[in-house]
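> Take a look and give me a structure for this.
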Amino acid sequence: MIYEQPLNEQARLCLRLEYLFAQAEHYLAGNSIWDSHQTLKIILEILQAIDRADFKNKFCQTLNQYAHNLSQLEKSHDVDKQKLNETLKKIDLLIDGLHANPKKIGQELRENEFLATIQQRLQTPAGTCSFSLPTYHLWLQQDQGLQKKQLTSWFNHLSILKETINVMLELLRESSVFKQVEAKDGFYQNNLDANATHQLIRVNLSPTTNVFPKISVSRYRLAIHFFTLDISGETTQILDDTVFGLACCKM
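Sure thing, here's the model as predicted:
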């Protein structure tokens, strides 16, 4: 079981979007009214998460930086040059795709009055019930095939974002491999290189251990406390030595 701790705003947003996209795909494959409701709800959550004017430019800047860092590896004899060139080409296509539409990602969905009304109601508990949104209630009763076709069309408006998130997180995760380390008495700490800009801490634990990490990171130090799972009371820090995998990722 892998736990990930983002260390900057962009990594945090990427992980949240990945989480939302995974849920949307799961519910989109379903065939019930509640699957349709959850799919649409998550699509609107994604729009809300990226509703910033500078969002697209920041992602393009990050992709350009990744491409620059990767291009420095071309002279290395230990690099798979075919995979490197494919990755660089993929990044270029994503940058072109992000620049192709001058509007914000998903702007067409934001301008849809039907979706905008639903999004406003989602802020209220049970705000989308039939007496509050009769139009939405009617839409949910429509033919499942047509309904899924419409949901897929809306979801596809975000496909460039999904691809971008996938590539950025894949590169970030692959930038470091797991190293086996040990937490003495349920606590691990280590110094970090202050000149390196780490973006993601990954902890790999066996699910059979029934423990989870609490990760604290400063510019100079990483600290991890391990706790037992107790859903009926307060969590308790373990006092046993724990072996786990650790990866400190940066691009």
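> right, and R173 touches Q199 too?
No - using CB atoms under 8 Å, R173 is not in contact with Q199, being 10.2 Å away. For the C-beta atoms, the positions are set from N, CA and C on the backbone; glycine is no exception.
> anything in contact with each of those two?
Counting by CB atoms under 8 Å, 6 or more residues apart in numbering, the contacts common to R173 and Q199 are C249.
> more neighbours, the two?
Higher neighbour count among R173 and Q199: Q199, with 20 against 15, using other CB atoms under 10 Å.
> so what's the spatially closest residue to the more buried one that is not a sequence neighbour up against?
Distances taken as CB to CB, 6 or more residues apart in numbering put A11 closest to Q199, at 4.7 Å, once the chain neighbours are dropped. Each residue near A11 by CB under 8 Å, 6+ apart is listed here: 172, 199-200.
> what are the phi and psi angles of A11?
When read as degrees, to the nearest 10, the backbone of A11 gives phi -60, psi -40.
> now F178
phi -70, psi 130.
> Just the pLDDT at the closest residue to it other than its chain neighbours, thanks.
Of all residues not flanking F178 in the chain, G245 sits nearest, at 3.5 Å (CB to CB, 6+ apart). Looking at G245, its pLDDT is 96.
> swap in K89?
Predicted confidence (pLDDT) for K89: 94.
> Among the contacts of A11, which lie within strands?
Among the contacts of A11, DSSP state E puts L200 in strands.
> Just put the contacts of A11 in a markdown table and tack on distance to R219.
Shown next, in a markdown table, are those (distance: CB to CB, whole Å):
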| residue | distance to R219 |
| --- | --- |
| L172 | 19 |
| Q199 | 13 |
| L200 | 15 |
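> picking up where we left off before, for the residue nearest to F178, which phi and psi angles does the backbone take?
The phi/psi pair for G245 (degrees, to the nearest 10) is phi -90, psi 140.
> in terms of contact, does it touch E182 like I think?
No - counting by CB under 8 Å, G245 does not reach E182; the two are 11.0 Å apart.
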